[in-house]
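Could you look at this predicted model? Sequence included:
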Amino acid sequence: MKPFLSYMLEYADKTYEYKIKLANVEPTNKVLDQIERALAPFEIASISAPKHQILSKNQIDFAGLGACDIYVLTVQLKYPCTDAQIRQAICQQTPISLSQIIAIPAAREEAEDESSSDDAADVDTQPLVGTKRLEALKALASRQYEFAAENKEKLVTTNDLPTGKISPIGSKDTQRKNFRGVK
């Protein structure tokens, strides 16, 4: 079994990388200083220069904003934290609204890239899946269902009962009966 000190030394140099996306905010020196101050509790190992993304009509990360300028910062932190903690810290220290900030852990981004490359490999088999499903539906539609016994007698519903001339409400004798024998 390894001593506790060796475990500590393994994780002492570990850094946690995040991509921070800012929408409709030009990261000037003042804004970058505010972001650095906001992330100081997580001990910044490195921070990259902001990169401007290509302007497109529909942004996936900022769907409600439409076409907007997006700047990306890559940040490496020494202490682990969640993306919500990063967003909240930046929002509190800067004039940037929470809806204009997205923090993505690098591990999640790599996993999304791998899953999208797996989806590209599955595209060739998609037509086969559709034909198999169609054949299964045709087989189900052609089945004949057998019942235990056929019911040949005609069932009578309340619509088939004869109607009378007496109303069910108020047409009978409505006098109270005295069950005690006393009048």
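Here it is on my side, so go on.

so how far is Pro27 from Ala40?
Noted for Ala40: a distance of 17 Å to Pro27, by Cβ to Cβ, to the nearest Å. The C-beta positions use only the backbone N, C-alpha and C, and glycine is treated the same way.

neighbour count winner among the two?
Pro27 (20 against 11; other Cβ atoms under 10 Å).

Is it correct that that one is in contact with Tyr71?
Yes - with contacts counted by Cβ atoms under 8 Å, Pro27 reaches Tyr71, the gap being 5.2 Å.

got any residues that touch both of those two?
Pro50 (Cβ atoms under 8 Å, 6 or more residues apart in numbering).

Alpha carbons of stretch 9-18, as CSV, please.
Extracted C-alpha coordinates of stretch 9-18, given in CSV (Å, rounded to 0.1, in the frame of the first residue of the first chain):
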residue,chain,number,x,y,z
LEU,A,9,2.5,14.4,-4.3
GLU,A,10,0.6,12.8,-7.3
TYR,A,11,-2.2,15.3,-7.1
ALA,A,12,-0.1,18.3,-6.0
ASP,A,13,0.9,19.2,-9.6
LYS,A,14,-2.5,18.4,-11.1
THR,A,15,-4.3,21.2,-12.9
TYR,A,16,-7.9,21.5,-14.0
GLU,A,17,-8.5,23.0,-17.4
TYR,A,18,-11.6,24.9,-18.4
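
Report the mean per-residue pLDDT for it.
On average, the pLDDT along stretch 9-18 is 82.

Make 5 the starting number, not 1.
In the new count, where the first residue is 5, that last one comes out as stretch 13-22.

List the contacts of it.
49-50, 78-85, 87, 90, 107-110.
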